[in-house]
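Participant: Make a model of this:
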Amino acid sequence: MKTYDEKHIKNIVLLGAPKSGKTTLSETMLFEAGIISKRGSIEEKNTVSDYHDIEHERGNSVYATLMHTEWKDYKINIIDTPGLEDFIGEVISAIRVSDTAVLLLNAQYGVEVGTELVWDYVDKYRKPTILAVNQLDAELANFNKTVEDAVRVLGNPVTIMQYPVNTGPGFNAIIDLLKMTMYRFPEGGGKPEKLPVPDSEKEKADRLHNELVEKAAENDDTLMELYFEKGSLDEDELRQGIKIGMLNHHVFPLFCLSAKNNMGSGRLMGFIDNVAPGAVEMPAETTTGGKSVPCDPAGPAGLFVFKTLQEPHIGRLTYFKVMSGEVKGGMELINEENNTTERISQLFIADGKNRNNIERLQAGDIGCTLKMKNTVTNQTLAEKSFPGQITPIDFPTPKVRVAIEAKNKADDEKLSEVLGEIHMEDPTLLVEFNRELKQVILHGQGELHLLVTRWRLENIYKMQVAFHAAKIPYRETIQKPAQASYRHKKQSGGAGQFGEVFMKIEPWYEGMPPYKEHTVRDSEEIALNWGGKLVFNNCIVGGAIDNRFLPSILKGVMEKMQEGPLTGSYVRDIRVSVYDGKMHPVDSNDISFKIAGMMAFREAFHQAAPQLLEPVFDLEAVAPDVMMGDIMSELQTHRSVITGMDTLNGYQVIKARTPQAEIDKLFAALRNVTQGKAKLKSRFAEYAPVPAEMQRKLSESYKEDLGV
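Facilitator: Numbers count the residues shown, from 1 in each chain. Next up is the predicted model:
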């Protein structure tokens, strides 16, 4: 295959809410460029992009898919991305390695919450952005409202490059403001007829063209001088000003499309060729050490892995962008993170599931390879003289969780290995082997994300697994002071065991007054691994208990705090004062005082108004105003407390505090009632008391499990 130099490579990512037409547009672009002879469709399950079985099953994109076109002596690498938030990791990694984002807006719905979700990451990485208003031939298409939405959310950089002459089922013509030409498409779409702007549109077209000229001129002093001098700019000068504006995130050119009927895609591709920045024009990448990595084909070879994928019958596919230099088949490169050496056995240009061999890839290009042993997503492979590891992608934290186990216990070890492999492919899926809860827990971006993971385990790795509700990491504490004593005595011939401990326990809080009931000889403040504090006071006087036994008493208390009396949960925030006891000159030893300390603590705990605590999360839901009633209802159903309401870019924002025991069910319910149009996020806030009735049920259940 032909190798393109860095000046003729354009990398774009197709983004948008579900059903905005990303996959259809990618198919149309490949067809328009002659890469495929017939366009597939999602309904017929034969698109280049959505080729995985799970995508055919679901009827939407699950993976980001790499493709390419060759158009007017340019190579355009295209990454089609999922629209659902559950697969946001695929979206972020694609944005990271692309040079221009093409953000599709559904003309029927305008800027949706899903659109805003991906926009947050486009804006974070400051990617040049093209807006494409799609489905202008749909019954409910409303171009003007869509543009208004875009300006409201994305701001003044939204710049109209085209507008439709008519919308709805009769849509067939676009006025192009850069070329001041009308494109009229034949019935069913295809190659348009180029016509002068009709008189009926002349006034509107001239006004919008002048706005475009002003927007282009604003981005460069030389162009501004030319504009003042001539009163206008020619087409090449407009392109230059628009490109500068795109690079500075000051211009978001807006185009018109019907991707399904191939109207407007050729003109969009021409703009990507002629105006959209290429990798060589983008700001230099940086390393974790802060060094600059310009896209220079003459520089040391270095590539950044943005995606790994386990393909049936093939093995691990590694997708990368060449950041500098030139990568050739047979090269040996060093992994900047683990210092291992990888050999690039073969290089491919990918078009969905099809891979074409190529001898080399230049700086700025995107490709893939097979059989990488020690390299995964977010790692850098490079020559020795390369500046260092490329700054990795920052993936979002998970939102929901589920416990998983192999149905066949003999598969436990294999399941652990496979989950590790899946996490390497998908860093937004975290695997936790939780000793406290005695569960393997999957943390994902949403219920669908977890279900797709289960599908992969069962269909690709041929493992039968079961999902269970993940247990809640409750904590136990006390509400009032209490004291108790315990004598441990054991005689079995020869040396026995003896230890007696008197202690007082109190609720601990930051800044509480010092303990004064007894003289404190020594005090130790311990930050517990599971959160909270234990303060341990030694108040022994007169040698009632030898100092050497105090660590054993503390050890007994700590052991009991790792399995609280109420539910077996960790105990936190308690002050323990050991003030008296007895010992035996022969039978007293460490184990005796450890047991005495443990049991005295247990008895005092039960008398101190035990309190079960649950983790509570701050939750934020952003959604259209019409959905507020349903959201409020679900929040109340799931024990949430509303903490605030606000507006943001025309959307309603509800803030609430929700117990973790309700979070997973609440997220599923909210996605259901909002049809996935709400943007949800949560983070741990604090531990708070559970309701009394709930505490009683949980404690009784724990006793039943113990057989008490």
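
Participant: and the residue lying closest to Leu233 once chain neighbours are set aside, backbone torsions?
Facilitator: Nearest residue to Leu233 in three dimensions, chain neighbours excluded: Val213, at 5.2 Å (C-beta to C-beta, 6 or more residues apart in numbering). Backbone N, C-alpha and C define where each C-beta goes, glycine included. Torsion angles at Val213 (phi, psi; degrees, to the nearest 10) stand at phi -60, psi -50.

Participant: gap between Val213 and Leu238?
Facilitator: 7 Å (C-beta to C-beta, to the nearest Å).

Participant: Could you do Thr288 as well?
Facilitator: Distance from Thr288 to Leu238, by C-beta to C-beta: 39 Å.

Participant: Of those two, which one has the most company?
Facilitator: Legend: neighbour count by other C-beta atoms under 10 Å for Thr288 and Leu238, higher for Leu238 (23 against 14).

Participant: how much space is there between the more buried one and Asn459?
Facilitator: Taking C-beta to C-beta, one finds Leu238 at 51 Å from Asn459.

Participant: What pLDDT is listed against Asp149?
Facilitator: On the pLDDT scale, Asp149 is placed at 93.

Participant: what's near enough to touch it?
Facilitator: 105, 110-111, 650 (C-beta atoms under 8 Å, 6 or more residues apart in numbering).

Participant: let's go with 7 Å and repeat that
Facilitator: 110-111 (C-beta atoms under 7 Å, 6 or more residues apart in numbering).

Participant: isn't there a helix covering it?
Facilitator: Yes. Per DSSP: H, G, I helix; E, B strand; the rest coil, Asp149 lies within a helix segment.

Participant: how much space is there between it and Leu140?
Facilitator: Distance from Asp149 to Leu140, by C-beta to C-beta: 14 Å.

Participant: got it, and Leu103?
Facilitator: Applying C-beta to C-beta to Leu103 and Leu140 gives a distance of 20 Å.

Participant: same thing with Gly511?
Facilitator: For Gly511, the distance to Leu140 - C-beta to C-beta - is 60 Å.

Participant: more neighbours, these two?
Facilitator: Applying other C-beta under 10 Å to Gly511 and Leu140 shows that Leu140 carries more neighbours, namely 11 against 4.

Participant: Can you list phi and psi of the residue lying closest to that one once chain neighbours are set aside for me?
Facilitator: Computed as C-beta to C-beta, 6+ apart, the closest residue to Leu140 that is not its neighbour in sequence is Gln108, at 4.3 Å. In this entry, Gln108 is assigned phi and psi values of phi -80, psi -30 (degrees, to the nearest 10).

Participant: List the contacts of Gln108.
Facilitator: With contacts defined as C-beta under 7 Å, 6+ apart, Gln108 is in contact with 135, 138, 140-141.

Participant: and Glu326, backbone torsions?
Facilitator: According to degrees, to the nearest 10, Glu326 has phi -140, psi 130.

Participant: if I look at it, how far off is Asp365?
Facilitator: Taking C-beta to C-beta, one finds Glu326 at 9 Å from Asp365.

Participant: With Val165 instead?
Facilitator: 39 Å.

Participant: Please identify which of the two sits among more neighbours.
Facilitator: Shown here are Val165 and Asp365; by other C-beta under 10 Å, Asp365 has more neighbours (28 against 19).

Participant: quick one: contacts for that one?
Facilitator: Taking C-beta under 7 Å, 6+ apart, one finds 9, 322 in contact with Asp365.

Participant: now do 10 Å
Facilitator: 3-6, 9, 11, 68, 75, 77, 279, 295, 297, 303, 320-322, 326-327, 347, 349, 358 (C-beta atoms under 10 Å, 6 or more residues apart in numbering).

Participant: buried subset of these?
Facilitator: 4, 6, 9, 11, 68, 75, 77, 279, 295, 297, 303, 320-322, 326-327, 347, 349, 358 (16 or more other C-beta atoms under 10 Å).

Participant: Need the overlap of contacts for Asp149 and Leu140.
Facilitator: With C-beta under 10 Å, 6+ apart, Asp149 and Leu140 have common neighbours Tyr109.

Participant: Which parts of the stretch 501-650 of the chain are strands?
Facilitator: With strands called from DSSP state E, counting those that start in this stretch, the stretch 501-650 of the chain shows them at 522-527, 533-538, 570-571, 574-582, 610-623, 641-648.

Participant: partner strands of the second one, parallel or antiparallel?
Facilitator: For strand 533-538, the pairing partners within the sheet under DSSP bridges are strand 522-527 (antiparallel), strand 574-582 (parallel).

Participant: Show me the contact partners of the first one.
Facilitator: Spelled out, it's strand 522-527. Contacting residues not belonging to strand 522-527 are listed as 508, 514-515, 532-540, 547, 550-551, 554, 557-558, 561, 575-577 [C-beta under 10 Å, 6+ apart].

Participant: Sweet, I'm off.
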